[in-house]
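Enquirer: Coordinates only, no sequence provided:
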């Protein structure tokens, strides 16, 4: 039985001003997934973690992706997936995207690498649809392409990998629940044109800063006048964490995806470590458990740990 | 009397999806301005063209810029300006920006190059304020910096010059009147968030395409779902010109500034010439006079033709 083991990274969607269009892969946290292909057409999903996610294929994020691949490619094969999840569901760090992207990526390798990256994104988005009701690609794309990815459009799929800068990411996941669907519902359906103009000035500045590797420009473009003022209300101590991060030398940052995780970018690892320490302390003080992560921007995305054919490793 | 003669280019603001934040300089058409500095504190403006623009300094776009420079720098000097205008007022090709930017640029050279580019933009914006009621910099910035400029913010002034691609511009100015103030008034004050997301996907794509010199990406990012559908109603035959331009090989294009001029980008000069010919024919057919222009993107912006000190040329 052909089998692959992969490491699937967490991702930070939106990158402050790029709501629904930008995402970035990090190194920590990450899931591990073992995927094997079988003659039997069944899709079997097993979680080794204890998050209580459904294992029935049609109700599991990885499962629906594999069902869709089976259907659209008219496969006789089935898949078995073991998911060791470390990216906590509901963290805003792309937990569902990791399962979805990992399933599509892994299946593709097992099928002889026959899909393009856009096709892998296409299949993975069915997992996001199951998780959040929206077929968005802003976590999936950086997971698959690595680095920072621009989702210019998700229908048709048009992903532009950007020149990812050499920066560190500090992220905190406070143990409070913010459902993606709630975080979407509190957004206003219409916005002022003058705010939109400010926002696209920041987005254009951020993309230019990323492409030019201009850290100062990245920093002063990480401003969100539309989403953050609304969503940050759901995140305890958001303003304090942001203010203190900037004081500690962060270039900028904000809500990761729809939260509750908060991320900050920094030029030096030491700065990122200081920020992570501060983040933890802020939540300790109000007795909210939290997890902090420090890593570089992940330029690779999903990585293959090993491949085997039966009991033999594959080339 | 110290004197300078400069060539001040037309500019295309907005670049379709970048409403109020992007602008591009072209080579054709352009104004010529002769500016001299005098001991006498008077500001004297003279137009050699026949557009009937006011020559009283406080009512003239170049005049108010020079008055502001005089005031803020506490100058005892005055200026005399002769403007040979070729960029027609009301064309949407940055006619007022040319006068304003030219005055600020020229005065700075005559004052020993003491101002930064941001300060030149600062002064020039007072001219735009007189012309349109809004202190916008999306024509002024490319005029001064050359190429394609991102106005990340106009207050505080934050201009990012982008990597301008090697492309040709075809533009048509049909002889119909669209006042900038009217073109602003018909815009909706609020827009749908989902349209804003599409728009910032396009803006991010356009900036990435410009920085990567990816012409195909530039082309497919030149889409405006917010401003163009409203403003294009004011421009006769807009849809026909756009459709035919794309058929002739244009990468994309749209309204120049607030119109009525329409511009298209093309990879080859020949393509741009064909598009310009088609544009003229479309307007000839409905008996609207028009002017067409073909040139490369202007990477330099304002150019000094010559400088003289009294009757002697300066070094």
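Expert: Looks like it arrived, so ask away. These numbers were taken from a predicted model, which means no experiment stands behind them.

Enquirer: mind listing what residue A:297 touches?
Expert: The neighbourhood of residue A:297, defined by Cβ atoms under 8 Å, 6 or more residues apart in numbering or on different chains, consists of A:24, A:25, A:26, A:147, A:148, A:164, A:165, A:166, A:167, A:168, A:169. All C-beta atoms are positioned from the backbone trio N, CA, C, and that covers glycine.

Enquirer: Write down the beta-bridge partners of the last one, one by one.
Expert: Applying DSSP bridges to residue A:169 yields these beta-bridge partners: residue A:265, residue A:295.

Enquirer: near chain B, which residues of the stretch 201-315 of chain A?
Expert: Applying Cβ under 8 Å from any Cβ of the partner chain, one finds that the stretch 201-315 of chain A approaches chain B through A:201-208, A:211-212, A:217, A:220-221, A:226.

Enquirer: Turn those residues into JSON lines, columns for neighbour count.
Expert: Putting these into JSON lines (neighbours: other Cβ atoms under 10 Å in any protein chain shown) gives the following:
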{"residue": "A:201", "neighbour count": "26"}
{"residue": "A:202", "neighbour count": "24"}
{"residue": "A:203", "neighbour count": "28"}
{"residue": "A:204", "neighbour count": "28"}
{"residue": "A:205", "neighbour count": "27"}
{"residue": "A:206", "neighbour count": "29"}
{"residue": "A:207", "neighbour count": "35"}
{"residue": "A:208", "neighbour count": "24"}
{"residue": "A:211", "neighbour count": "21"}
{"residue": "A:212", "neighbour count": "16"}
{"residue": "A:217", "neighbour count": "22"}
{"residue": "A:220", "neighbour count": "19"}
{"residue": "A:221", "neighbour count": "28"}
{"residue": "A:226", "neighbour count": "22"}
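
Enquirer: Any regions of the stretch 151-300 of chain A where pLDDT drops low?
Expert: Residues of the stretch 151-300 of chain A that meet the criterion pLDDT under 70 lie in A:180.

Enquirer: Strands along that one, start to end?
Expert: With strands called from DSSP state E, counting those that start in this stretch, the stretch 151-300 of chain A shows them at A:157-161, A:168-174, A:190-192, A:252-255, A:262-266, A:290-296.

Enquirer: can the shortest one be found next to chain B?
Expert: Yes - using Cβ under 8 Å from any Cβ as the criterion, contacts between strand A:190-192 and chain B involve A:190, A:191, A:192.

Enquirer: hmm, who's touching the strand or helix carrying residue A:306?
Expert: In the assignment (DSSP states H and E), residue A:306 maps to strand A:303-309. Contact with strand A:303-309 is made by A:2, A:3, A:4, A:5, A:6, A:7, A:32, A:109, A:313, A:314, as judged by Cβ under 8 Å, 6+ apart.

Enquirer: Report how many residues lie close to the closest residue in space to residue A:176 that isn't next to it in sequence.
Expert: In space, and not counting its chain neighbours, residue A:176 is closest to residue A:260: 5.1 Å by Cβ to Cβ, 6 or more residues apart in numbering or on different chains. Neighbourhood size, residue A:260 [other Cβ atoms under 10 Å in any protein chain shown]: 27.

Enquirer: measure residue A:260 to residue A:234 for me?
Expert: Noted for residue A:260: a distance of 7 Å to residue A:234, by Cβ to Cβ, to the nearest Å.

Enquirer: Same check on residue A:61?
Expert: The separation that residue A:61 has from residue A:234, given Cβ to Cβ, amounts to 23 Å.

Enquirer: thought residue A:276 was touching residue A:293?
Expert: Yes - using Cβ atoms under 8 Å, residue A:276 makes contact with residue A:293 at a distance of 7.3 Å.

Enquirer: Name the helix or strand for residue A:68, please.
Expert: Using DSSP H and E, residue A:68 falls within helix A:61-72.

Enquirer: what comes up buried for that helix?
Expert: For helix A:61-72, a neighbour-count test (16 or more other Cβ atoms under 10 Å in any protein chain shown) marks A:61, A:62, A:63, A:64, A:65, A:66, A:67, A:68, A:69, A:70 as buried.
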